[in-house]
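J.: Here's my sequence, what's the structure:
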Amino acid sequence: MAASTAAAPGLRDVRALVFDVFGTVVDWRPGVARDVRALLDGKVDPEAFADAWRGRYLPSMDRVRRGEQPWTNLDGLHRESLDELLVEFGVADVPEPARAELVLAWHRLDPWPDVVDGLIRLKRDHVIGTLSNGNVALLVHMAKRAGLPWDVILSAELVGHYKPDPEIYDAAPRLLGLAPEQVMLVAAHVDDLAAARSRGLRTAYVHRPDERGGVTAPPTTDPQADLN
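T.: Residues are numbered from 1 along each chain as shown. Have a look, this model is predicted:
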């Protein structure tokens, strides 16, 4: 896994690397589209459905963050979004078993080709783990299926806050018994890195141009400027 990191004093003092998961570690779009294609029997465009589902990811979490909805884990939010999308795509008659199985598509995502070998190398000298909005069961199931060799699963579910709330970034060093500057967030999303950096974490940017089907542009700012 190639990450862009700034040459800064003390970088060797980083003890733990925590990773954003969706888009950074796993390639969500083809994985979700694969299950949509299989479970909806070709009744919808699978890639369009996957994109629309992902498009509800941030708005659904923001409702929780603003207090408009009680804490709901990501599986629950994915299910709410799915039920709405099935109506919008004209397939409201999908039975319950297929709906439940579709939510599990987010548990069965494949890692990017460089991920597993890269994590194994990084694990030799660092604690490695997730720092994800995914719920614990989702992240554990994903890791078992994809062979992701995490030392620890850190999830928004553990603190009842979604990114970019400060509580989730503060939780990583606290739970690992480290100072914030000893923990580095690795992510493909600059806003995630900026929020982590505001809480004192170190940051590393990974560019995933194919995250949205080959249309993900590089950041509008120099990634190096977003790293400590």
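
J.: Now for Lys123: which residues touch it?
T.: Shown in contact with Lys123 (Cβ atoms under 8 Å, 6 or more residues apart in numbering): Pro149, Asp151. Backbone N, C-alpha and C define where each C-beta goes, glycine included.

J.: Could you measure from it over to Asp117?
T.: Distance, Lys123 to Asp117, using Cβ to Cβ, to the nearest Å: 11 Å.

J.: Then Leu77?
T.: 32 Å.

J.: out of those two, which sits in the more crowded spot?
T.: Shown here are Leu77 and Asp117; by other Cβ atoms under 10 Å, Leu77 has more neighbours (22 against 11).

J.: mind listing what's buried in stretch 25-37?
T.: Val25, Val26, Asp27, Trp28, Arg29, Gly31, Val32, Ala33, Arg34, Asp35, Val36, Arg37 (16 or more other Cβ atoms under 10 Å).

J.: Run through who's touching it.
T.: By Cβ under 8 Å, 6+ apart, the residues outside stretch 25-37 that reach it are 19, 22, 44, 46-47, 49-51, 53-54, 101-102, 104-106, 108-112, 115, 130, 142, 146, 148, 208, 210-213.

J.: pull the CA atoms of that stretch into PDB?
T.: Extracted as PDB, the C-alpha positions of stretch 25-37 are listed here (Å, rounded to 0.1, in the frame of the first residue of the first chain):
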ATOM      1  CA  VAL A  25      -8.800  -0.300   2.100                       C
ATOM      2  CA  VAL A  26     -11.700  -1.900   0.200                       C
ATOM      3  CA  ASP A  27     -13.100  -1.200  -3.200                       C
ATOM      4  CA  TRP A  28     -16.800  -0.800  -2.300                       C
ATOM      5  CA  ARG A  29     -18.300   0.000  -5.700                       C
ATOM      6  CA  PRO A  30     -17.800  -3.300  -7.600                       C
ATOM      7  CA  GLY A  31     -18.500  -5.300  -4.400                       C
ATOM      8  CA  VAL A  32     -21.900  -3.700  -3.800                       C
ATOM      9  CA  ALA A  33     -22.700  -3.900  -7.500                       C
ATOM     10  CA  ARG A  34     -21.900  -7.600  -7.600                       C
ATOM     11  CA  ASP A  35     -24.500  -8.400  -4.900                       C
ATOM     12  CA  VAL A  36     -27.100  -6.000  -6.300                       C
ATOM     13  CA  ARG A  37     -26.700  -7.800  -9.700                       C
END
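
J.: No further queries at this time; thank you.
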